[in-house]
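*Asks:* what follows is a protein structure lacking sequence information:
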Ligand SMILES: O=c1[nH]c(=O)c2ncn([C@@H]3O[C@H](COP(=O)(O)OP(=O)(O)OP(=O)(O)O)[C@@H](O)[C@H]3O)c2[nH]1
Ligand SMILES: [Mg+2]
């Protein structure tokens, strides 16, 4: 299977390529095949945004396209940062500022109020418009200090009690086994088997 990864996020690209190379799939970042500007993410849900990105690039590239819309949710903040995770502090993709804002917003909270989860929805869309979506989540604790250099984005804040480590302290292999993205990929592969 050859597909286009409809993302410019380097962290996502690394994780997808690792999993897909293991099953012999070729996953090409969209920047390698198209210089079309990203569509705006106007959806209210991860699923709407994932479908928007995948349909757009399936049209542009005329190839099967896989997109990912994901984010982190602090339980005590309702559904936030949620679909705004990449632009939580204002500027798109400023991980440091986004992390600082999340730490700031969670300052008053301790214990169970620090619980949070990642959500990832991936969409696979073919040029004829056929679509499949799959979702994965991962639970953890959002801490107020950083640890680890792996992963990306909010990972150094995201503590996994079962590992005694943050998402940025475990290897990519381990992250792919337990992460929202890894679980979404497994769910998608299960859906594909049913076709
Ligand atoms: O530490 C993290 N580990 C993860 O595993 C993870 N997954 C998602 N996120 C955060 O959620 C935003 C997604 O926003 P998003 O889906 O719109 O992606 P994006 O705008 O970065 O790229 P694109 O795929 O849209 O091109 C990202 O920027 C990150 O801040 C993560 N943070
Ligand atoms: Mg985005």
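*Replies:* All right, it came through fine. As the structure is a prediction and not an experimental result, all values here were calculated from the model. Numbers count the residues shown, from 1 in each chain. Ligands and ions are numbered 1, 2, ... in the order given.
*Asks:* now the closest residue in space to residue 135 that isn't next to it in sequence: phi and psi?
*Replies:* Here the nearest residue to residue 135 in space, its sequence neighbours aside, is residue 121; by Cβ to Cβ, 6 or more residues apart in numbering that works out to 4.9 Å. For the C-beta atoms, the positions are set from N, CA and C on the backbone; glycine is no exception. Main-chain torsions, residue 121, degrees, to the nearest 10: phi -120, psi 130.
*Asks:* what about residue 121, distance to residue 156?
*Replies:* Residue 121 is 23 Å from residue 156, where distance means Cβ to Cβ, to the nearest Å.
*Asks:* what's the distance between the residue most central in space within the chain and ligand 1?
*Replies:* Note on the chain: the residue nearest the mean C-alpha position is residue 70, at 3.7 Å, using Cα atoms, centre = their mean. Counting by Cβ to the nearest ligand atom, to the nearest Å, the gap between residue 70 and ligand 1 amounts to 4 Å.
*Asks:* that residue: what's it in contact with?
*Replies:* The contact partners of residue 70, by Cβ atoms under 8 Å, 6 or more residues apart in numbering, come to 12, 46, 85, 118, 119, 120, 121, 180, 181.
*Asks:* out of those, list just those in strands.
*Replies:* 118, 119, 120, 121 (DSSP state E).
*Asks:* can you give me the pLDDT of the second one?
*Replies:* So the one you mean is residue 119. At residue 119, the model reports a pLDDT of 98.
*Asks:* what's the helix or strand for the closest residue to it other than its chain neighbours?
*Replies:* Sequence neighbours aside, residue 137 is the residue nearest to residue 119 in space, at 5.3 Å (criterion: Cβ to Cβ, 6+ apart). Remark: residue 137 resides in strand 131-142, with elements defined by DSSP states H and E.
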